[in-house]
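*Asks:* Quick one: sequence and predicted model below, then my questions.
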Amino acid sequence: NAGVTQTPKFQVLKTGQSMTLQCAQDMNHEYMSWYRQDPGMGLRLIHYSVGAGITDQGEVPNGYNVSRSTTEDFPLRLLSAAPSQTSVYFCASSFFPGSYEQYFGPGTRLTVT
Amino acid sequence: LAKTTQPISMDSYEGQEVNITCSHNNIATNDYITWYQQFPSQGPRFIIQGYKTKVTNEVASLFIPADRKSSTLSLPRVSLSDTAVYYCLVRGGGSYIPTFGRGTSLIVHP
């Protein structure tokens, strides 16, 4: 198993540009989520999904969209990048909603200029 | 959501035992306590979970008193490679969404 994979590893955007951060897992996990981590901060939940076709907002959803058309994939879209979205983004998955044993991807470091 | 409180940072030396305590006063009756470890430039990694008393695995031990209002992660004989941020998670209040606080930054010195 590859576990949770994320692409790209690094990305630089200009303000106003849009892009999609990819996340995939091959463990047949129901629950997937996106976090952002800023320097000196913990992880803040952006969006999550409890299964294909079902998504919901987390703590900091503004400026981000998600969809979950398959069990494996959970892309995060930045609609119009802003410098405040400069952060490290982590995707995570777990067998079922409510499981605290989450598996994290390696992260995407995003810089918005 | 249950709130957790843990020290912002701790320092230790190689070979010492490190204990990191987390307070979670409003933990739900059916909630577990989970700890994660995050190395620099990596995603967090699940290390241990428990409900009551003591849990031990190859990485750490977790001590939970009878009232479950706190828990202590114990790392025996730490090495430089244990330098990381450690997060304590509980749920509380019926939510199943895990919330990460700022964690405890552990620095192990030679």
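*Replies:* That came through, no problem.

*Asks:* Not counting its neighbours along the chain, what's nearest residue 76?
*Replies:* This is for chain A. A:Leu21 (4.4 Å; Cβ to Cβ, 6 or more residues apart in numbering or on different chains). Quick note: C-beta positions are derived from backbone N, CA and C, even for glycine.

*Asks:* ah, no, chain B please
*Replies:* B:Glu17 (5.4 Å).

*Asks:* quick one: that neighbour from B:Asn25, how far?
*Replies:* Shown here: B:Glu17 relative to B:Asn25, a distance of 26 Å by Cβ to Cβ, to the nearest Å.

*Asks:* A:Gln102 too?
*Replies:* 24 Å.

*Asks:* higher neighbour count, those two?
*Replies:* Looking at A:Gln102 and B:Asn25 with other Cβ atoms under 10 Å in any protein chain shown, you find the greater number of neighbours at A:Gln102, namely 26 against 13.

*Asks:* Next, the contact list for that one, please.
*Replies:* Counting by Cβ atoms under 8 Å, 6 or more residues apart in numbering or on different chains, A:Gln102 makes contact with A:31, A:33, A:92-94, B:44, B:46, B:98.

*Asks:* what's the closest non-adjacent residue to the spatially most central residue of chain A?
*Replies:* Taking Cα atoms, centre = their mean, the centroid of chain A lies closest to A:Trp34, which sits 3.0 Å from it. Leaving aside its sequence neighbours, A:Trp34 sits nearest to A:Ile46 (Cβ to Cβ, 6+ apart; 4.4 Å).

*Asks:* That neighbour belongs to a helix?
*Replies:* No: A:Ile46 is assigned strand when assessed by DSSP: H, G, I helix; E, B strand; the rest coil, not a helix.

*Asks:* Check the gap between it and B:Ile107 for me.
*Replies:* Counting by Cβ to Cβ - A:Ile46 and B:Ile107 are separated by 29 Å.

*Asks:* which one of these two has more residues nearby?
*Replies:* A:Ile46 (23 against 13).

*Asks:* That one against A:Tyr35, yeah?
*Replies:* Yes: in this structure A:Ile46 lies within contact range of A:Tyr35 using Cβ atoms under 8 Å: 6.4 Å.

*Asks:* Overlap of the contact sets of these two?
*Replies:* With Cβ under 8 Å, 6+ apart, A:Ile46 and A:Tyr35 have common neighbours A:Tyr89.

*Asks:* quick one: the nearest residue to A:Glu101 once chain neighbours are set aside and B:Trp35, what's the gap?
*Replies:* Nearest residue to A:Glu101, sequence neighbours excluded (Cβ to Cβ, 6+ apart): B:Phe46, at 4.9 Å. In this view, B:Phe46 and B:Trp35 are 8 Å apart by Cβ to Cβ.
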